[in-house]
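Visitor: take this sequence and fold it.
(2 chains)
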Amino acid sequence: QKEVEQNSGPLSVPEGAIASLNCTYSDRGSQSFFWYRQYSGKSPELIMFIYSNGDKEDGRFTAQLNKASQYVSLLIRDSQPSDSATYLCAVNEEGGGNKLTFGTGTQLKVEL
Amino acid sequence: ETGVTQSPTHLIKTRGQQVTLRCSSQSGHNTVSWYQQALGQGPQFIFQYYREEENGRGNFPPRFSGLQFPNYSSELNVNALELDDSALYLCASSQGGNSPLHFGNGTRLTVT
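Guide: Numbers count the residues shown, from 1 in each chain, chains lettered A, B, ... in the order given. The predicted structure is shown next:
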């Protein structure tokens, strides 16, 4: 059974701070890793994807991947109240094909 | 560029009935996946379609079935509805391989 684990939160950070969201996965053969943002009552929106070990930056977002530790994280710099949402970590199965396994999500609250 | 569109937005059905949900994929995308998201959970993979063939299936019973049409649009059919089928049903399209999934706005199904 492939598993993706996330702390459900809520994770509360003050406006302007760095939010750090973490995810671990069980399938060592996983190839692709995705972060989605989901506002309450809405569908998931792709934020970042990463395929290789290391860091990948896009604006205020940085995805970090460590395949040896089976760990992926998302950093959000200069957090804004509009970043308040649930962040879903998703991992594809070995062999690709985009059959994603999702975690249950971490709720982020950015406080004024 | 047209995104992923789903219909209907909301649906209320009675236990034992059948339902059909529809999805139009994003322009240029040939792969369609369906996910079920129960309240407070991450999306769960139902199945994926590529070139009108089922290309992988999650842990869902046969009463969940689907189709993909030559224009890459897709349908999800659920027979003999159960109360636990109440969820947000998400359609996602992609260009296949390890490319990211892009989700539609979802269909909220309530079974009473």
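
Visitor: could you use CA atoms for every contact and neighbour count after this?
Guide: OK.

Visitor: strands of chain A, residue ranges please.
Guide: A:4-5, A:11-14, A:19-25, A:33-38, A:45-50, A:54-58, A:61-66, A:71-76, A:85-92, A:100-102, A:106-111 (DSSP state E).

Visitor: just name the most buried of these.
Guide: Stretch with highest mean neighbour count among the strands of chain A: strand A:85-92 (a mean of 26; mean count of other CA atoms under 10 Å in any protein chain shown).

Visitor: got a list of contacts for it?
Guide: Contact with strand A:85-92 is made by A:4, A:6, A:21, A:23, A:25, A:30-40, A:44, A:98-109, B:42, B:98, as judged by CA atoms under 8 Å, 6 or more residues apart in numbering or on different chains.

Visitor: of the strands of chain A, which is nearest B:Ser7?
Guide: B:Ser7 lies closest, by CA to CA, to one member of the strands of chain A: strand A:45-50, at 18.2 Å.

Visitor: what does that closest one contact?
Guide: Strand A:45-50 has contacts (CA under 8 Å, 6+ apart) with A:32-38, A:56, A:58, A:61-65, B:100-103.

Visitor: what about the closest residue to B:Trp34 other than its chain neighbours, which helix or strand?
Guide: Nearest residue to B:Trp34, sequence neighbours excluded (CA to CA, 6 or more residues apart in numbering or on different chains): B:Cys91, at 4.6 Å. In the assignment (DSSP states H and E), B:Cys91 maps to strand B:87-94.

Visitor: just checking: what are the partner strands of that strand?
Guide: In the sheet, strand B:87-94 lines up against strand B:31-37 (antiparallel), strand B:102-103 (antiparallel), strand B:107-111 (antiparallel) (DSSP bridges).

Visitor: mean pLDDT and mean neighbour count added to the ones you listed, as JSON lines?
Guide: JSON lines is the format used below for the strands paired with strand B:87-94 (pLDDT from 0 to 100; neighbours: other CA atoms under 10 Å in any protein chain shown):
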{"stretch": "strand B:31-37", "mean pLDDT": "96", "mean neighbour count": "26"}
{"stretch": "strand B:102-103", "mean pLDDT": "95", "mean neighbour count": "24"}
{"stretch": "strand B:107-111", "mean pLDDT": "98", "mean neighbour count": "19"}
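
Visitor: how far away from the center of its chain is the strand holding B:Cys91?
Guide: Relative to the chain's own centre, strand B:87-94 is displaced by 5 Å; criterion: CA atoms, centre = their mean, to the nearest Å.

Visitor: for it, list the C-alpha coordinates in CSV.
Guide: Coordinates of the C-alpha atoms in strand B:87-94 are reproduced here as CSV (Å, rounded to 0.1, in the frame of the first residue of the first chain):
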residue,chain,number,x,y,z
ALA,B,87,-17.8,13.2,-2.3
LEU,B,88,-16.2,15.8,-4.6
TYR,B,89,-15.4,14.1,-7.9
LEU,B,90,-12.4,15.6,-9.7
CYS,B,91,-11.4,15.2,-13.3
ALA,B,92,-7.8,16.0,-14.2
SER,B,93,-6.1,16.1,-17.6
SER,B,94,-2.5,15.9,-18.6
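
Visitor: and the contacts of it?
Guide: Here strand B:87-94 makes contact (CA under 8 Å, 6+ apart) with A:43, B:4, B:6, B:23, B:25-26, B:29-39, B:43, B:100-110.
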